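*Asks:* Return atomic coordinates for the entry below.
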Amino acid sequence: MKHIPRKRFGQHFLTDSAVIDGIVDAIAPRPGDALVEIGPGLGAMTDPLVARCGRLTVIELDRDLAARLRLRPELDVVESDVLKVDFGALAARTGRKLRVVGNLPYNISTPILFHLLGAVDHVDDQHFMLQKEVVERMAANPGNKDYGRLSVMLQWRYDIESVLDVPPEAFDPPPRVDSAVVRMQPLPRAPAIAPALLGELVAVAFSQRRKLLRHTLGRWLEQRGFAGSFNVQRRAEEVPVAEYLQLAEALSA
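*Replies:* As a prediction, this is how the structure comes out:
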């Protein structure tokens, strides 16, 4: 029986075999990898992934699809909302760091990325299909119009690279946007700062991105009694990730 894509789950199923092969080649699964696929859907990527790595954990919210996937003994099926999955516990169960992949539902892709950020120490790498516009924001450099809160909050923990563009016609039904595959590799050393403090600082900085930082972050720093030096005569998009981290470290001291 044909599965009808569910709009509330943001389901767009990959159908183009050349694109699927390109994505799997970019992931380069190896036997023994602790591979986790988010939203396997009808198994377009699941089949070539499991062919290369032998075993696969899949996270699927749709109960009909989860029931189909459970019929396959080479798959460990987690029927759950991905935002409720404990990736640290998954890594502990497998005894190694995870390689996380997936064609993420575009309507909740950012919350998924931030949920995984909390488990970054348990992850080897991540490869995701996302809206191309989101990938451009994730990978953007300072001074670029796409550079913003998402860029800083992900780049402080990951090396981010766009590896493949994917047109709408590669999906059924086709989304109304272009897509891209992003590679995210956790950086080896994380600065000793509180993620919540960095998050607040960056949110304030980008709250009025057209204005100079003295109107936003400058006032916030004054309220906190910050006595250090930080150039607020520029816009938030001109400040490199490293400088936001240095400021957060100074505030934590």
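
*Asks:* quick one, helices of the stretch 151-253 of the chain?
*Replies:* Secondary structure of the stretch 151-253 of the chain (DSSP state H, counting those that start in this stretch): helices at 195-205, 217-223, 241-252.

*Asks:* how about these in JSON lines, adding mean neighbour count?
*Replies:* Where you see a C-beta, it was placed from the backbone N, CA and C, and this is true even at glycine. Formatted as JSON lines, those follow (neighbours: other C-beta atoms under 10 Å):
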{"stretch": "helix 195-205", "mean neighbour count": "17"}
{"stretch": "helix 217-223", "mean neighbour count": "16"}
{"stretch": "helix 241-252", "mean neighbour count": "17"}
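
*Asks:* Serialize these to JSON lines and add fields for distance to Pro168.
*Replies:* Shown next, in JSON lines, are these (distance: least, C-beta to C-beta, whole Å):
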{"stretch": "helix 195-205", "distance to Pro168": "32"}
{"stretch": "helix 217-223", "distance to Pro168": "39"}
{"stretch": "helix 241-252", "distance to Pro168": "32"}
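
*Asks:* Same list, those helices, but as a markdown table with distance to Met45 and mean pLDDT please.
*Replies:* Formatted as a markdown table, the helices of the stretch 151-253 of the chain follow (distance: least, C-beta to C-beta, whole Å; pLDDT from 0 to 100):
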| stretch | distance to Met45 | mean pLDDT |
| --- | --- | --- |
| helix 195-205 | 30 | 97 |
| helix 217-223 | 41 | 97 |
| helix 241-252 | 31 | 96 |
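
*Asks:* Mind pulling up the pLDDT for Ala194?
*Replies:* If you check Ala194, the pLDDT there is 91.

*Asks:* thought it was touching Ser252?
*Replies:* Yes: with contact defined as C-beta atoms under 8 Å, Ala194 counts as touching Ser252 (6.3 Å).

*Asks:* lowest-pLDDT helix or strand in the protein?
*Replies:* Here the helix or strand of the chain ranked lowest by mean pLDDT, DSSP states H and E is strand 13-14, holding a mean of 86.

*Asks:* Direction included, what does it pair up with?
*Replies:* According to DSSP bridges, strand 13-14 has the following sheet partners: strand 171-172 (antiparallel).
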